[in-house]
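Q: Below are the sequence and a predicted model for it; my questions follow.
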Amino acid sequence: MSLLVVGSVAFDSLRTPYGEAKHILGGAATHFSVTASYFTPVKVVAVVGDDFGEEHLKVFHDRGIDTEGLERAPGKSFRWAAEYSGDMNEARTLDTQLNVFEQFSPKIPAAYRDCDYLFLANIHPKLQLDVRRQLPEARLVAMDTMNFWIKGTPEDLNATLASVHMVTINETEARMLAGCHNLRKAAQAVQKLGPNVVIVKRGEYGVISFHGNSIFSVPAYPLEDVHDPTGAGDSFAGGLMGHLAQTGDLSERNLRRAMVYGSVMASFAVEDFGLRRTARLTRPEIETRFREFKSLTHFDV
Ligand code: AMP
């Protein structure tokens, strides 16, 4: 089953206690599509500028990602600079330059219209809604967002939230969006805005999903070293949506497995800067870590 993603394709400049990387390929749609590509065919809708070269396109093509929907526009690609310190659970944004995204109007190629699975990765909620409306029949529509849009464009964000089945959101941002500190109450408040499934990302503490009245929690894989948390959330979503699209099974049982595949992909993403680890994985490595999650969380009653 094919999976469509819209979101940022960017150049990131990142600083963590483990080092620095300047102008590396990133963006929410990039991290998502690379990780989801291990599960199912992926198509991407985004815009890039003149600074996006053949070597960058090759990263997508090496993973078999369909880039017909990747538009080129005059100007610079989206740029984001951030740093992490302390427990590295939150990025501190130093600079956001929307550049070519400012004028972007997503056009869905005809060959993309029958995609059943849609992920609206982090980008202006108006663009997310625009794409969602062009795929009214999609079986599962999920979205992500961040503080930049929660603070900056709350009305647009609410309209997009009302149109989706599922949302993945950071813990701090879930609290900000709901205006309430208790996570369970915050998730219920977000469910009332539209999505029946609310997945809260808690960095090194893992993820917790609220699906109707059912709650499920997965820890983060206990790594010795986290080099760069950038893209963890999008890689989580890539594994989650990739597994759901691959199996076509939207049951609660399978959503739980998808939460674990998401956690597996996020754990690989943070082992190195940018896409260094996630662009070079193998399916057996993914399955081995998936089984490690089973032993990590299994107990007898
Ligand atoms: P995360 O998975 O949350 O770590 O997402 C990191 C990615 O989001 C980076 O590669 C950035 O390029 C991208 N990003 C950061 N800020 C924004 C924004 N305001 N809109 C869209 N994408 C962003």
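A: That came in fine, so what should we check first? Numbering: from 1, shown residues only.
Q: and residue 172, how far is that from the ligand?
A: Distance of residue 172 to the ligand, given as CB to the nearest ligand atom, to the nearest Å: 12 Å. For every residue, glycine as well, the C-beta is placed using N, CA and C.
Q: Tell me if stretch 9-17 is near the ligand.
A: Yes - legend: contact between stretch 9-17 and the ligand by CB under 6 Å from any ligand atom is shown at 10, 12.
Q: contact partners of that stretch?
A: 20-30, 44, 46-48, 51-52, 70, 77-85, 88, 94-95, 227-230, 273-274 (CB atoms under 8 Å, 6 or more residues apart in numbering).
Q: chain center to it, what's the gap?
A: Its chain's average C-alpha position is 16 Å from that of stretch 9-17, according to CA atoms, centre = their mean, to the nearest Å.
Q: List the buried residues in that stretch.
A: Using 16 or more other CB atoms under 10 Å as the test for burial, stretch 9-17 gives 9, 10, 11, 12, 13, 14, 15, 16.
Q: In JSON lines, list those along with secondary structure and pLDDT.
A: Listed next are the buried residues of stretch 9-17 as JSON lines, based on DSSP: H, G, I helix; E, B strand; the rest coil; pLDDT from 0 to 100:
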{"residue": "9", "secondary structure": "coil", "pLDDT": "98"}
{"residue": "10", "secondary structure": "strand", "pLDDT": "98"}
{"residue": "11", "secondary structure": "strand", "pLDDT": "98"}
{"residue": "12", "secondary structure": "strand", "pLDDT": "98"}
{"residue": "13", "secondary structure": "strand", "pLDDT": "98"}
{"residue": "14", "secondary structure": "strand", "pLDDT": "97"}
{"residue": "15", "secondary structure": "strand", "pLDDT": "96"}
{"residue": "16", "secondary structure": "strand", "pLDDT": "95"}
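Q: ok, those residues vs residue 102, which is closest?
A: Using CB to CB, residue 10 is the member of the buried residues of stretch 9-17 that lies nearest residue 102, at 13.5 Å.
Q: Neighbours of the closest residue in space to that closest one that isn't next to it in sequence, how many?
A: Nearest residue to residue 10, sequence neighbours excluded (CB to CB, 6 or more residues apart in numbering): residue 27, at 3.4 Å. Using other CB atoms under 10 Å, residue 27 is surrounded by 27 other residues.
Q: same deal with residue 105?
A: 9.
Q: likewise residue 178?
A: Neighbour count of residue 178, defined by other CB under 10 Å: 21.
Q: quick one, phi/psi of it?
A: Here is the backbone geometry of residue 178 (degrees, to the nearest 10): phi -80, psi -20.
Q: contacting residues around the closest residue to residue 231 other than its chain neighbours?
A: Leaving aside its chain neighbours, residue 231 sits nearest to residue 31 (3.6 Å; criterion: CB to CB, 6+ apart). Residues in contact with residue 31, defined by CB under 8 Å, 6+ apart, are 230, 231, 234, 235, 238, 269, 275, 278.
Q: quick one, what contacts residue 33?
A: With CB under 8 Å, 6+ apart, residue 33 has these contacts: 5, 42, 44, 60, 63, 65, 238.
Q: What pLDDT is listed against the second one?
A: Right, the one you point to is residue 42. For residue 42, the pLDDT comes out at 98.
Q: what's the answer for the first one, then?
A: Predicted confidence (pLDDT) for residue 5: 98.
Q: Quick check, residue 78 in contact with residue 26.
A: No - judged on CB atoms under 8 Å, residue 78 makes no contact with residue 26 at a distance of 9.1 Å.
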